[in-house]
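Asker: okay, sequence plus prediction incoming.
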Amino acid sequence: MRRSILYRLATISIGCGISACGGSSGDSTGPTNGGTGNSRFTAKIDGVAWASDAGVERVGVPITLPGLYTMTGTKLGAGGYTIVITLYNIGGPGTYPLGVGVSVPGGNVLISTTAGGWRTPQTGADGSITITTLTSSRIEGTFNFTAVPFTGTVTGTKTVTDGSFALDVKPTGAVGALPDNAGSKVSATMNGTAFNAAEAGGSYSASNTGILSIVGTNSTRGLSITLAGITANSVGTVALNAATSRTMTLSLINGSQAAGSFSSSVAGGSGSVTITSFTATRIKGTFTATLAAALAPATGTMSITNGTFDIGRP
């Protein structure tokens, strides 16, 4: 159910970007010109300067979803582009990844023309956005990203650099504070390659054997950790051991197809997970492992190092 809700929210944001909408009167701001300061929404698209037409750019702020911002800018006329940056779980200034979904602090981007649109491919690291100012009335910062064909007849890759924005935020109602359990992150180094989850989450059930589950996925890999025998609010290190139902599994993804998997539960697999913080709202920790091929066409082993997780409890 949670995954279905998150997918619908993402689809709504994407659809809004294709039609260059900035939201409805119930959940968005009006034009940003004439606000608390000069407004801008600019970038270079494949090296060519782009700037949103004045008065067209908007910042959508749904009052029912704290931490969600949708920035839309449009250059009208032939060959013009619309850029929509949708941000999730944003509580203040900082640098966040682009190419992530609604469960991770960060966002995704859609760039479109009348022919169709390009989207960040959701690798978890398709670019970044740095927010330097975030108040109830103003959002400012910089961004860069790479996007791939998503809709229509568009082709090739769009590389957007030197992005900059300074926009007025005008919510139509009181926006609540971002709750402490909002947003989750999972990252690691896998055989020397950085992995950043585009979707992340987890759960803890104190009943029976006390099971902690952690999941992080992106467009190419899906990591799952299941730990049985975990006591609520406990911290410390546990070994991955199939006999005690403490396992780590990594699935390789090729498009919509599984491309093999590695596991700590087969011969040659090992590892450990350290829980560093366990509270009513968040569970944090680190992990390392050597995973052995469990399902073809995966072969050999997968070294997992520098693993970290920060999971908001539902």
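Answerer: Sure, I can see it.
Asker: check contacts around the residue nearest the centre of the chain.
Answerer: In the chain, the C-alpha nearest the mean C-alpha coordinate belongs to residue 100, at 2.2 Å (Cα atoms, centre = their mean). Residues in contact with residue 100 (Cβ atoms under 8 Å, 6 or more residues apart in numbering) are 88, 106, 107, 108, 122, 124, 196, 197, 198, 199. C-betas here are computed from N, CA, C, even on glycine.
Asker: please repeat the previous calculation with a cut-off of 7 Å.
Answerer: By Cβ atoms under 7 Å, 6 or more residues apart in numbering, the residues touching residue 100 are 106, 107, 108, 124, 198.
Asker: what's the farthest-apart pair in those residues?
Answerer: 107 and 124 (11.7 Å; Cβ to Cβ).
Asker: ok, and the closest non-adjacent residue to the residue nearest to the centre of the chain?
Answerer: Take residue 100 and drop its neighbours on the chain: the residue closest to it by Cβ to Cβ, 6 or more residues apart in numbering is residue 106, 4.1 Å away.
Asker: bridging residues for the one you found?
Answerer: Following DSSP bridges, residue 106 is listed with bridge partners residue 88.
Asker: surely it and residue 94 touch.
Answerer: No. Using Cβ atoms under 7 Å, residue 106 makes no contact with residue 94, being 9.9 Å away.
Asker: now for whatever helix or strand residue 306 lives in, which elements pack on it?
Answerer: Assigned by DSSP states H and E, residue 306 belongs to strand 301-312. Applying 3 or more Cβ pairs under 7 Å, 6 or more residues apart in numbering; DSSP states H and E, we find strand 301-312 packed against strand 185-190, strand 282-295.
Asker: do you know which of these lies nearest residue 266?
Answerer: Of all these, strand 282-295 comes closest under Cβ to Cβ, at 4.9 Å.
Asker: return the distance of the strand holding residue 306 from the chain's centre.
Answerer: Relative to its chain's centre, strand 301-312 lies at 16 Å (Cα atoms, centre = their mean, to the nearest Å).
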